[in-house]
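quick one, structure for this:
(one chain, ligands or ions: 1)
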Amino acid sequence: MATVIDTLQARPRHPEKQNRPETPLLRKPEWLRVRAPGSAGYNDTRDIVRSHGLTTVCEEAACPNIGECWTQKHATMMIMGEICTRACAFCNVTTGKPNPLDPTEPTRVAEAVATMRLKHVVITSVDRDDLDDGGAAHFAAVVRAIRQAAPDTTIEILTPDFLRKDGAAEIVIDSAPDVFNHNLETVPRLYLSIRPGARYYNSLRLLERVKDRDPRRFTKSGLMVGLGEAKEEVMQVMDDMRSAGVDFLTIGQYLQPTRRHAPVDRFVHPDEFAAYEAIARAKGFLMVSASPLTRSSHHAGEDFARLKAAREALEAR
Ligand code: SF4
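Coordinates of the predicted model:
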């Protein structure tokens, strides 16, 4: 028995990366340093997450904003388990064969959202290439359960790409979340090395399909920079997103989770983020958030209010 436990504990979190060369973790510049978590609000959020048996991307992705977000009772729930079928070079979520879906999860997530009295919630998931619908029906069930348990809470979803899962995107779109987010993550040239299981045009088309099916639905997408992309490539992605009708763009600094993940090419200066933001606004996004610590779910509640206000202002012109 002891051997089994030892074996389980010894299982690497990223088996596919064990043969990759190690690269040193670069020292972070001062603008990326954050305080260690530990406030009373942080502890409350952690207790609610634990008591409802929830998984959060805040912890799984080792997000640098966890101290700030959890203090404000803002956590991003990760559904469909903790094990992902993809093996992206930037991501800290465990890779492997996932467990079966838990049919009680929609209720548990909805109860947690109601208990926390959240104005806005972000729900994301691992990739479930092992399921016929990529987990779309389960994702939709979670959205519906939250609507029922917490009707005043606005819902933002951050979905997988549903690659080769015909009809899956439509199931999720029809659950009518307030915001449909799918991150393009990086520029197309880097997909093979950074996001090898995904296809750039599939992800772009997913965002476009949301708008085709429901033009009033807000769409959102994000990019990490500092992976070796050129500024011109980032601007081309912005144009692609605008062609797909994306309303809200987020851009943040890539941080290397371990020595075997993709290395940071460089730390992008805050002034460059400000320049990206100005360019993106000029290209017509309703909302842009670009800073070193921007993550797709960072300040999502406040940003959603701004997003709605921006659309209303545009329509009132
Ligand atoms: S930015 Fe998102 S993932 Fe990071 S701690 Fe905040 S809610 Fe969690």
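
list the buried residues for stretch 259-277?
Within stretch 259-277, the residues that count as buried by 16 or more other Cβ atoms under 10 Å are 260, 261, 262, 263, 264, 267, 268, 270, 272, 273, 276, 277. Every C-beta, even on glycine, is put in place using the N, C-alpha and C of the backbone.

please render these as TSV that adds distance to residue 172 and pLDDT to the earlier fields.
Below are those laid out as TSV (distance: Cβ to Cβ, whole Å; pLDDT from 0 to 100):
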residue	distance to residue 172	pLDDT
260	32	93
261	28	95
262	28	96
263	34	96
264	32	97
267	35	98
268	32	98
270	35	98
272	34	98
273	30	98
276	29	98
277	29	98
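
closest to the ligand out of these?
Nearest to the ligand among the buried residues of stretch 259-277 is residue 273, at 15.6 Å by Cβ to the nearest ligand atom.

from residue 90, how far off is the closest residue to residue 36 other than its chain neighbours?
Spatially, and ignoring its direct neighbours in sequence, residue 36 is nearest to residue 67 (6.6 Å; Cβ to Cβ, 6 or more residues apart in numbering). Distance, residue 67 to residue 90, using Cβ to Cβ, to the nearest Å: 22 Å.

look at residue 46 and give its secondary structure.
helix (DSSP: H, G, I helix; E, B strand; the rest coil).

which ones are touching it?
By Cβ atoms under 8 Å, 6 or more residues apart in numbering, the contact list for residue 46 reads residue 70.

please renumber so the chain begins at 43
Sounds good: first residue 43 from here, last item residue 88.

looking at residue 109 and residue 132, which is more packed in?
Neighbour count, other Cβ atoms under 10 Å: between residue 109 and residue 132, residue 132 has more, with 20 against 17.

ramachandran angles for the residue nearest to residue 78?
phi -60, psi -50 (degrees, to the nearest 10).

cross-check the contact I'm expecting between it and residue 85.
No - under the criterion of Cβ atoms under 8 Å, residue 109 lies out of contact with residue 85, with a separation of 11.2 Å.

for the stretch 93-242 of the chain, which spans come out with low pLDDT?
Across the stretch 93-242 of the chain, no stretch falls below the confidence threshold (pLDDT under 70).

what sits against the residue of the stretch 243-359 of the chain found nearest the ligand?
Nearest residue of the stretch 243-359 of the chain to the ligand, counting by Cβ to the nearest ligand atom: residue 339, 3.2 Å away. Taking Cβ under 8 Å, 6+ apart as the criterion, residue 339 is in contact with 99, 111, 116, 118, 164, 166, 198, 200.
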